[in-house]
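Q: need a 3D model of the following:
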Amino acid sequence: MANKRDLKKDINYVLGDIIEAVYVWEYSNTDKDNKKSEAIIDEAIATFDELIVKVNAKNVEDKKAHFKAINNELETKGKALIEKINKLG
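A: Numbering: from 1, shown residues only. This is a model prediction of the structure:
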């Protein structure tokens, strides 16, 4: 299992790429309303904050299982955000 530093990097890269994809969509679709795309960015930032708090939790008994659960949550939430980007008009 990845260590704490690698997990933090993964969270940063995945959610950063999602935010970048939203910015690219906004740039390519200047004629469309940005409310939904801005909501995706806000959700990505909130997800980032939530996952980093979980990574930094000190009172964890089984770190390997804890980090694996965080990694799975990142994957699930990342896929959901990507689906929302794909559904943007």
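
Q: low pLDDT regions in the chain?
A: Per-residue confidence for the chain (pLDDT under 70) gives these ranges: 1-2.

Q: what are the boundaries of the helices in it?
A: Assignment of helices within the chain using DSSP state H yields the ranges 4-28, 35-55, 63-87.

Q: including mean neighbour count, could these go into CSV?
A: Backbone N, C-alpha and C define where each C-beta goes, glycine included. Below are these laid out as CSV (neighbours: other C-beta atoms under 10 Å):
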stretch, mean neighbour count
helix 4-28, 15
helix 35-55, 15
helix 63-87, 14
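
Q: chain neighbours aside, what residue packs nearest to Lys32?
A: Nearest residue to Lys32, sequence neighbours excluded (C-beta to C-beta, 6 or more residues apart in numbering): Gly89, at 5.9 Å.

Q: any idea how far the one you found is from Leu7?
A: When distance is defined by C-beta to C-beta, to the nearest Å, Gly89 is 34 Å away from Leu7.
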